[in-house]
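**Q** what's the 3D shape of this:
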Amino acid sequence: MFYFLSKAIDFLVMPLSILLMLLTYGLITKNNKRRRMAVGLGLILLLLISNSFLVTKVINWWEPSVVNIETLDTTYDVGILLSGGLIASKKPDAHQPYLGSHGDRVLQTFQLYKAGKIKKILITGTSQKFMMSEGKGETREAAALLVKWGVRATDILFEEKARNTRENALYSARIIRKQFPDQRYLLITSAFHIRRSAGCFDKAGIKTAIFPADFYGGYNKLTFQNGFQPDPNAIADFSTLWHEVVGYMVYKIVGYC
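**A** Below is the predicted model:
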């Protein structure tokens, strides 16, 4: 129930959904004052979320600092890699995998392994049913890439039932308690997703160190282009961030993180 409810809430509170509702209300209302207010609010919202300077500022505030691999002074027994965008599944008939929008997580996991910072890799998350039935779920595809790059297949474990971050934590915790109790764990996921995922693992009783990957923030010097020219990429980045912030708040309210 929570899974479907969260998807419905997600749709209603996303920036473009709010913009659409404001414009629709402005179109159908017969009150001129309310029409101007709805259109004005929609315009302000659009200007804010399309401003790459402001959006990058907010993302930089939300995301944790970079962790450089060479600064890690601990070897972790398990690196926990969260799936979701690791592999692009738009071409299911392709024989080779394509990195997805969050594929940097795979690269960072590989670098951690080759640097001797993690001994085992646990990849957690499910994929679409038809992909899973063909053995092309992103956990398996990401693992195949890692093996091609030089990771031993015996050092990769799978959790393939989780549909969301809470289930990532709960189902991974079962594997970890059974096979790697009381050891050291490193959580690898996108920087914007670190707060919620780390909180979920804490709630599941698994204390992890964090390794953020897939950063959306970056340099933030004000220029005419990023300060005044609307940027569709900024809208996409803000939508990703806003989705995560809302998810984090909902998880906090219900006690999942």
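**Q** can we go C-alpha only for contacts and neighbour counts from here?
**A** Will do.
**Q** how about stretch 240-254: buried residues?
**A** 240-248, 251 (16 or more other C-alpha atoms under 10 Å).
**Q** looking at those, which one is closest to Arg177?
**A** Set against Arg177, the nearest of the buried residues of stretch 240-254 by C-alpha to C-alpha is Tyr251 (23.3 Å).
**Q** tell me the one of the buried residues of stretch 240-254 nearest Asn220?
**A** For these, the nearest to Asn220 is Leu241 (16.6 Å; C-alpha to C-alpha).
**Q** give me the helices and strands touching the host helix or strand of that closest one, please.
**A** Secondary structure assignment for Leu241, by DSSP states H and E: helix 232-254. Under the contact criterion of 3 or more C-alpha pairs under 8 Å, 6 or more residues apart in numbering; DSSP states H and E, helix 232-254 touches helix 2-13, helix 32-49, helix 52-62, helix 194-203.
**Q** if you count contacts, what does the longest one end up packed against?
**A** In other words, helix 32-49. helix 15-28, helix 52-62, helix 232-254.
**Q** pLDDT on it, on average?
**A** Averaged over helix 32-49, pLDDT sits at 95.
**Q** how about the third one?
**A** Here helix 52-62 scores 96 as its mean pLDDT.
**Q** buried residues in that helix?
**A** 52-56, 59-60, 62.
**Q** can I get those residues in TSV including distance to Phe192?
**A** Below are the buried residues of helix 52-62 laid out as TSV (distance: C-alpha to C-alpha, whole Å):
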residue	distance to Phe192
Ser52	17
Phe53	17
Leu54	16
Val55	13
Thr56	12
Ile59	8
Asn60	9
Trp62	7
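**Q** out of these, who's nearest Gln229?
**A** Distances from Gln229 to these, taken by C-alpha to C-alpha, are shortest for Ser52, at 8.3 Å.
**Q** which residues touch the closest one?
**A** Contacts for Ser52 (C-alpha atoms under 8 Å, 6 or more residues apart in numbering) come out as 226-227, 230-231, 233-234.
**Q** report how many residues lie close to Ile69.
**A** Using other C-alpha atoms under 10 Å, Ile69 has 14 other residues around it.
**Q** sorry, that was for Gln108
**A** Around Gln108 there are 19 residues (other C-alpha under 10 Å).
**Q** go on, Trp149?
**A** 12.
**Q** so what's it closest to, chain neighbours aside?
**A** Phe110 (7.9 Å; C-alpha to C-alpha, 6 or more residues apart in numbering).
**Q** next up, phi/psi of that neighbour, please.
**A** phi -60, psi -50 (degrees, to the nearest 10).
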